[in-house]
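1. Test case, fold it:
(2 chains)
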Amino acid sequence: MHESFLAHRGLRYLWVSAILLSLSILAYLWHDPIPRPNGGTWLGYTLGTIAALLILWLMAFGLRKRLYRSTAGTLRGWLSAHVYLGLAVPVLSLLHSGFQVGWNLHTLLLALVFAVVLSGLFGVWAYLRYPPLITRNRDSATRSAMLEEIAELDRKALELADRIDPKIHALVLRSQQKTRLGGSVWHQLTAGDRSEGVLKALNLLSERQRQQRAQAPTGSTMSGGATILAMVDYLAAAPDRTGEALRELIDLIARKRSLVARIARDVQFQAILEIWLYLHVPLSFALLAALLWHVLSVFFYW
Amino acid sequence: MRWLIRRYQRKSRGAARYSDDIHYGDTLTVGRGTDQSVQLQDLEVALEHLRITSLGANRYRVEALTLAGVKIDGALVSSAEAKAGAIIELGRYRLELLESPRDYDAAIAVIPAEDLAPGERIRRIPLGLAETRLSIRRSSWFLFLAVLLLGGLPAAAHYFAPLDRFLRDRSWLPDRSLWETGPLAAPHHFFGEQCELCHEQPFRMVRDQACLRCHASTPSHADPGRFPLPALTDTRCAHCHRDHNGTRGIVLSRQSLCSDCHVGLAERSGGASALADYGDFAELHPQFRIELPRLDPVSGQLLGERVEWREGLIEQSGLRFPHDKHLAPGGLRAPGGMRVLSCADCHRPEPGGARMQAIDFESHCQGCHQLAFDPSAPELQVPHAKVPEILFMLEAFYARQALAGDVRDQEAPASLRIRRRPGQSISREEREEALSWAREKARRVGESLFLGRACAVCHDVSRPSSEDDGWRIAPVRVAGAWYRKARFDHGRHASFACADCHAASTSASASDLLIPGIENCRGCHAGEKPARQRVRSPCVTCHEYHIEGNPPLRL
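-> Numbering: from 1, shown residues only, chains lettered A, B, ... in the order given. Sure thing, here's the model as predicted:
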């Protein structure tokens, strides 16, 4: 049966972390150094050393992840420990500093610790929330299968449109060219529709279609929406024999639209699932550099 | 106009094959229709898709003839000017605008795209974060190196003084304060930017000699000769005085630093120390010991003596002074009429405000207590001085009167009451008579001054016991420091009325000690532990730790 990395071995690492924190907090409350708690007391050095070693070990998770043949614990166990012990680091750091902050390198390190842990927490949340959503959205299809289906629908739509009228063909072709999936980080994360920008560039619309768009109630910006509105309008005036083909065309485009929306959502979920790592890892390395100087500097000016 | 149309075949084994066509006309049309100059069999191409016009000098205008527009160098437009080298994407084809070869006015290449899998064209747009320009590895390196550089600036500034100056002169750049673990103590701010003044060598703890460079005259905590305690003599200054812990962090006020030794000292020293237990001011502090004047019978001088305060303690100041009379609300009869006195009329703070100035007869008393001695010369007063000076002045005054023959005293010999004319000589007998009278007169006036009218009002005066003895005025001690081991600052208590601590208005005798005991202070001062409606007062509120008078800190 599947066991979440959070529940690994009966929350073993949650307990480890909780005990470590409890002992540290008790020691901090008991300790009453002169003139005030700071990183330079024996407890300050102790807590700082524990936090620094933890940071190095937490960063080693990136190495363990790549050592597929390693037998030093399961990766799930490592992840579980990584999460729970990682959460202890900001608390240890605060106790180590005696809650003293300032505009200096040491507080930068503290801020980086918090940033890294917060981004990691977001990752935990995303890992709990998004995998089921992705599965449900894909509905047992793969992304490449959906992309192939879109290409097939596009091809069929063009064939149909070409049989109806060159103008309809142009409309369908425009709609297909405007179809955008993914793109920049922002577009992936927001599942944003970029057709608006393309629309602005297109000033070749015929006079008649401009009027039709003006009559459209809200001027939808959905990539397929404008195309469908234009065709509905055309359909009203078209002879009966093209009607059947047009209805089929509208059906094709509507199917494609829902497919595009599904892929966009798929891209979005995947991006959210990954984006935190793009902060978590680089910030960890910034943290490592700050940690090096932090340790070096306090002994340089001892 | 002569166009070159170069049609490429599908590439086979890397080698490109093409065939050239010539087209005559001002423009070149591209589309699926059979009437087009370049016909492309692809459903994604409109019947009439676009028109290319040569503008000369290898420049072209491309216009879309369909509302699907045309994609030039990746941008979907309806019409655009493009230079040679631009790529037009058209379904499965690429059109490249070429520089016109010799003998041609314009040229274009038609290239079939590689065989693309269905859906491939959509997938070329990034569908995952890994396909974007974002890279975990790159940004990790970037941030790591950026922080490494930033964090290393102070180290570089430490070894390279011009860089240090450069950074310090520009407040927007991080300087060595980037490494500062907290604000320096306020008194150290004037040299705070020169880290090496205290941190003499990298990776070595701050040494005492760095502290003593400025603090050479700071007295030690305890006399190292009398108290050779390793805890005091062998400990680094910075062990306790840790800087970079806030602007007030370096002066230690923790009570336990004192009370750890001063509680149970007698017991621990096996009786060698007779000191009482001193702990929290509110809970464990003996009654104050007041520095009182004590008359030494041998020397006749007043010596200081520390006496434990108690109710009704007698102060032997050597003076008579009823505070209550002087502070009478109805006022006092003074030469200028009735005068109401307040404390501040006599008790003025010293500059700095901590203690009171000594009372001084001439400025505080003489306005009322005049030292006139002869009704014939009411404006003349004896000086407030030693006995012989007063007697000398009296003798001189009466001798002059007698010699001048200006004596109005009816009891004086008749010869002294005759005013002499200037230049008139006097006989030897007359002179001796005058001198003898003057001596006797001075003695009598002196006696009345010492015993009655003047001195004895305030002073204890004792009559000469024998012929060659003189008058004795008891030594006086009016003001001074009452606490030898603590400091009391009147200035910091200026917001209180004098009567809050000193019961002067009901004191009828100078022997009343008007210095209050510990309970009075405890009315406002708590110990180290904060208490309701009390000022938190650890030991150093009143006591020094680097004790004045001790030898300077060790070198």
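
2. For chain A, what's the nearest residue on chain B?
-> Residue nearest to chain A within chain B (Cβ to the nearest Cβ): residue B:151, separated by 3.2 Å. (Glycine included, C-beta is placed from N, CA and C.)

3. Now for that residue: which residues touch it?
-> A:105, A:289-290, A:292-294, A:297, B:178 (Cβ atoms under 8 Å, 6 or more residues apart in numbering or on different chains).

4. Quick check: which element contains residue 80?
-> In the absence of a named chain, this looks at chain A. helix A:75-97 (DSSP states H and E).

5. meant chain B actually
-> Per DSSP H and E: residue B:80 is located in strand B:79-83.

6. Can you give the strand pairings for that strand, parallel or anti for each?
-> Here strand B:79-83 has these sheet partners by DSSP bridges: strand B:59-64 (antiparallel).

7. so which residue of chain A comes closest to chain B?
-> residue A:293 (3.2 Å).

8. Helix, strand or coil: sort out that residue for me.
-> When classified by DSSP: H, G, I helix; E, B strand; the rest coil, residue A:293 comes out as helix.

9. excluding its backbone neighbours, what's nearest it?
-> Distances taken as Cβ to Cβ, 6 or more residues apart in numbering or on different chains place residue B:151 nearest to residue A:293, at 3.2 Å, with adjacent residues excluded.

10. what helix or strand does the one you found sit in?
-> Going by DSSP H and E, residue B:151 is in helix B:136-159.

11. Let me know the pLDDT of residue A:221.
-> In this model, residue A:221 is scored at 40, pLDDT.

12. that older thread, follow the chain on from the helix holding residue B:151 and name the next helix or strand.
-> Counting by DSSP H and E, the next helix or strand C-terminal to helix B:136-159 is helix B:161-169.

13. on that earlier part again, if we go by neighbour counts, what in the helix or strand that the helix holding residue A:80 is followed by is buried?
-> Next in sequence after helix A:75-97, counting helices and strands by DSSP H and E, comes helix A:105-138. Within helix A:105-138, the residues scored as buried using 16 or more other Cβ atoms under 10 Å in any protein chain shown are A:105-110, A:112-117, A:119-120, A:122-124, A:126-127, A:130, A:134, A:137-138.

14. What about chain B: which of these touch it?
-> A:105-106, A:108 (Cβ under 8 Å from any Cβ of the partner chain).

15. export these to JSON lines and tack on pLDDT?
-> As requested, those are exported to JSON lines (pLDDT from 0 to 100):
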{"residue": "A:105", "pLDDT": "92"}
{"residue": "A:106", "pLDDT": "94"}
{"residue": "A:108", "pLDDT": "95"}
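
16. okay, those residues in a markdown table with distance to residue A:71 next?
-> Formatted as a markdown table, those follow (distance: Cβ to Cβ, whole Å):
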| residue | distance to residue A:71 |
| --- | --- |
| A:105 | 39 |
| A:106 | 39 |
| A:108 | 38 |
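
17. Let me know the closest of those residues to residue B:553.
-> residue A:106 (31.1 Å; Cβ to Cβ).

18. So that closest one is in contact with residue A:97, correct?
-> Yes. Counting by Cβ atoms under 8 Å, residue A:106 does reach residue A:97; the two are 7.0 Å apart.

19. who touches both of these two?
-> With Cβ under 8 Å, 6+ apart, residue A:106 and residue A:97 have common neighbours residue A:39.

20. In contact with the spatially most central residue of chain A, which residues?
-> Nearest residue to the geometric centre of chain A (Cα atoms, centre = their mean): residue A:272, 1.7 Å. Taking Cβ under 8 Å, 6+ apart as the criterion, residue A:272 is in contact with A:126, A:130, A:189.

21. and the last one, backbone torsions?
-> As for residue A:189, its main-chain torsions (degrees, to the nearest 10) stand at phi -70, psi -30.

22. nearest spatial neighbour of it, skipping sequence neighbours?
-> Leaving aside its sequence neighbours, residue A:189 sits nearest to residue A:271 (Cβ to Cβ, 6+ apart; 5.0 Å).

23. for residue A:150, same thing?
-> residue A:259 (5.4 Å).

24. The one you found: neighbour count?
-> By the measure other Cβ atoms under 10 Å in any protein chain shown, the count of residues near residue A:259 is 16.

25. Next: residue A:279.
-> 18.

26. ok, how many other residues are close to residue 186?
-> In the absence of a named chain, this looks at chain A. There are 10 residues near residue A:186, going by other Cβ under 10 Å.

27. you looked at the wrong chain, it should be chain B
-> Residue crowding around residue B:186 was assessed by other Cβ under 10 Å; the count is 14.
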